[in-house]
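1. could you work out the structure for the sequence below:
(one chain, ligands or ions: 1)
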Amino acid sequence: MEPDPKVTMEEITALAKRRGFIFQSSEIYGGLNGFWDYGPLGAILKRNVKNAWWRDTVELRDDVVAFDSSIIMHPSAWKASGHVDEFHDVMVDCKVCKHRFRLDQLKDRSQCPDCGSKDSFTEPRNFSLMMRTSIGPMEDSASLAYLRPETAQGIFVNFKNVYQTARKKPPFGIAQIGKSFRNEITPGNFTYRSREFEQAELEYFVPNDGNDEAQFQQWVSRRKAWYANYGIRADRLRFYELKAAERPHYAKAGIDVEYLFPWGWGELESIAHRGTYDLDAHMKLSGKDLRFFDEASKTHYTPLLIECSAGMDRTTLTFLVDAYEREISTDPNGKQTDRVVLRFHHAIAPVQVAVFSLARNKPEMVQLARSIESDLRGTYRAQYDEGNIGQLYRRQDEIGTPFCITVDYPSLEYGTVTVRERDSMTQERVGRDALAGYLKERM
Ligand SMILES: [Zn+2]
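-> Predicted structure coming up:
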C-alpha cells in the first residue's frame, strides 16, 4: 500500500459532496460565495471536532467554565474592541470589470488578474469586515448593529458576571464555541475562508504575578498535545512564533498554529498573550470596573489574558484533508486496485462501527445484523447497511469508519462475525458475545 501524497482540493471537495460532508449553501440557487452547509456526515464530523475541543478545554478542567453569548451585541462593544475603526482590509476595484481585490493578495498591482486590464485599479480603500444588520423596524444609524466577528468580546464584557457567579479566581478561563461573521472580500479554498464560521475560543485570565509567560507556554503545549492526540500529522502542523513586529503592540507573545493544506500553510488557531488590553478597553468605554477583586489581599487588579482562538470549520477541514489518503495496492493476483480512505481518529469519525448483512434476502441474517447494530448504538456511532460487501467496504473507507462488522452464513451457525479494521484491512472472526470487549479495547 502506497499513500499518494498529491491530494488536491478538488478531490477533497468532490468527496465531501459525494459522501454528504459539505455542500455549497443554497446550491439550487447557484450557491452563495463564502457560505457552506454541512451534510449528514459533515454535521457529525464538525460536532465531533467541537466536542473534542470542548472535552479537553472545558470538561476535563476545573479551571475553565462554559459560556454562550449572543451573536449581536451592543454596538459599543465593537467600538471598544477596535473593530468598528480598525477591522478592515485594504481593497481596490478594477474599473473595467468591477471586480474587487484585497490589495495584499494582488501579485501585480498594475494589472487586473480577472480581465487583464492595465492600470485599471481604483485608489486603495478600507473595506470593513463587519457584517451589518439593523435592530427593530427602523433602518437608521440608531438601529445599526453588527453580527459578531469573534466570540471573545461576549466573554470580556461578562468577565465580572462570570467570575462572581462561578466563584473563580485567576488563573481561570472562560470558553465558548459559536458562530462568527466576517465580510471577507475574497472567500475561498473551500470552507477555509468563509463569511460565516464557527470559533472555539478560550479566554484564560491569569494574575500578574510573573507566571504569565509560563502559563502561555502551558497553553501552547496543551494545544500541541490536542492536535497530536487526535492524530493530526506532525509534519503538516507548525506552531509559528510571531515576531514583535507581527504582533499587536499590546501583545506579549503570539503563536499561529498552521496546517499544510494542498494550497500551502494556513492558520487554524491563534494563541496570544494579550496583556490587559481587552478588559482595559471595555472599562474605558463603559466606565464600569471589570477588575478582579482579590478577597485575600482586598485589592483590585486587572488580570492578564491568554487567548486560544481556533476556527472550527478550518479545523474540521484539516481533519478531512489530513485523514484523506488515496492508496494503490496490489492484490495476490497482481491486480492493482485503488481505494480512498479517511483515516479519522475514532473520536472524530462520523461513523465508528458499520454493521452489514451479507445477504439482503435472508431475514434471519438481516435481523441478527440489525440487532447487533442496535446493541452497539448506545455506545458507538453505529450504522446498518446491506448488499455487495466490496461496495460497502469502499463506502465506509471513504467516510472513515474504523470498524466494519459483517454478519454472514457462518454467523447464523456459529454466532461469530467478521470484523474488518479500516487501516490495515485485516479481518478477524469474533464471537458476538466478545464484540463489545473487542471494540472497547480498540477505541
Ligand atoms: Zn478587471
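2. now P40: closest residue in space that isn't a chain neighbour?
-> Spatial nearest neighbour of P40, excluding adjacent residues (CB to CB, 6 or more residues apart in numbering): G20 at 5.0 Å. C-beta coordinates here come from the backbone N, C-alpha and C atoms, glycine included.
3. quick check: domain ranges of this protein?
-> Using automatic domain parsing, the domain parsing of the chain gives 2-75+141-320, 351-442.
4. neighbours of whichever residue of the stretch 151-300 of the chain sits closest to the ion, just the number please.
-> Nearest residue of the stretch 151-300 of the chain to the ion: T186, at 13.8 Å (CB to the ion). Residues within reach of T186, counting by other CB atoms under 10 Å, total 15.
5. can you offset everything so residue one is 32?
-> Renumbered: residue one is now 32, and that last one reads T217.
6. show me what contacts it?
-> Neighbour list for T217: R131, F132, R133, Q136, R224 [criterion: CB atoms under 8 Å, 6 or more residues apart in numbering].
7. please repeat the previous calculation with a cut-off of 7 Å.
-> T217 makes contacts with F132, R133, Q136, as judged by CB atoms under 7 Å, 6 or more residues apart in numbering.
8. residues of the chain that sit close to the ion?
-> Listed as neighbours of the ion in the chain under the rule CB under 5 Å from the ion: C125, V127, C128, C143, D145, C146, S148.
9. can I get these in TSV with neighbour count?
-> Output for these, formatted as TSV (neighbours: other CB atoms under 10 Å):
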residue	neighbour count
C125	19
V127	14
C128	13
C143	21
D145	13
C146	12
S148	14
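10. list the contacts for the residue nearest to P71?
-> G70, P71, L72, G73.
11. next, K48: secondary structure please.
-> Judged by DSSP: H, G, I helix; E, B strand; the rest coil, the three-state class of K48 is helix.
12. how close does the residue nearest to P71 get to E338?
-> 34 Å (CB to CB, to the nearest Å).
13. ok so, going back, would JSON lines of the domains of the chain with mean pLDDT and distance to N364 be doable?
-> Below are those laid out as JSON lines (pLDDT from 0 to 100; distance: least, CB to CB, whole Å):
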{"stretch": "domain 33-106+172-351", "mean pLDDT": "96", "distance to N364": "18"}
{"stretch": "domain 382-473", "mean pLDDT": "96", "distance to N364": "15"}
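14. M162 is nearest to which of these?
-> With CB to CB as the criterion, M162 lies closest to domain 33-106+172-351 of the domains of the chain, at 4.1 Å.
15. and that closest one, how far out from the chain middle?
-> Distance of domain 33-106+172-351 from its chain centroid, counting by CA atoms, centre = their mean, to the nearest Å, is 9 Å.
16. which of the contacts of G51 sits closest to Q207?
-> Closest approach to Q207 among the contacts of G51 (CB to CB): G73, at 21.8 Å.
17. what about that closest one, neighbour count?
-> By other CB under 10 Å, the residues close to G73 number 22.
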